[in-house]
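Q: this one's structure only:
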């Protein structure tokens, strides 16, 4: 994505999550100079039919851990402006249940925009209300222990998915 930003004509803000810097995917083999990910193209991180989790950044790994053994589709948006509405809506139409998971604030976070888009364009496909899981309306602390207290964790994600599946 950074390579795509550097080669593009438009101004770009690029934020890389600090928790992703020393992970297994970050240490993967170098794909070569020509490897470029396009903006606004989500990745289906894991296929599933029971529900969809829409997320990005460090929450992808947490969602994966929380739904181990479940038939839950995980969509990694990869870019948030623009975000891949078509991939999200296609997945929601397939699974009929959705959890929007992010580590931004609850109020005015992108999760609300995604939920509104799903409600407007895929309401008739939903078998349950759109579920959201985000940080409470407070500043996200820099201290990792305090950060873990406010950022959605694996147990909270599991609970949200279980509620969604039981609805």
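A: Thanks, I have the structure now. Note that the structure is predicted; figures quoted are calculated from it, not measured.
Q: for stretch 42-56, measure first residue to last.
A: Using Cα to Cα, to the nearest Å, the end-to-end distance of stretch 42-56 comes to 9 Å.
Q: do stretch 31-41 as well
A: As for stretch 31-41, its first-to-last residue distance stands at 18 Å under the measure Cα to Cα.
Q: next one: stretch 80-87
A: Its first and final residues considered, stretch 80-87 spans 13 Å by Cα to Cα.
Q: ranges for the helices of this structure?
A: In order along the chain, the chain carries the following helices (DSSP state H): 2-7, 59-66, 85-95, 110-122, 144-150, 154-166.
Q: just put those helices in TSV and tack on distance to residue 19.
A: Every C-beta, even on glycine, is put in place using the N, C-alpha and C of the backbone. Rendered in TSV, the data for those read as follows (distance: least, Cβ to Cβ, whole Å):
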stretch	distance to residue 19
helix 2-7	17
helix 59-66	8
helix 85-95	23
helix 110-122	18
helix 144-150	9
helix 154-166	14
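Q: between those helices, which gets nearest to residue 131?
A: Closest of the helices of the chain to residue 131 is helix 154-166, at 4.9 Å (criterion: Cβ to Cβ).
Q: what is the closest one packed up against?
A: strand 51-55, helix 59-66, strand 98-105, strand 131-135 (3 or more Cβ pairs under 8 Å, 6 or more residues apart in numbering; DSSP states H and E).
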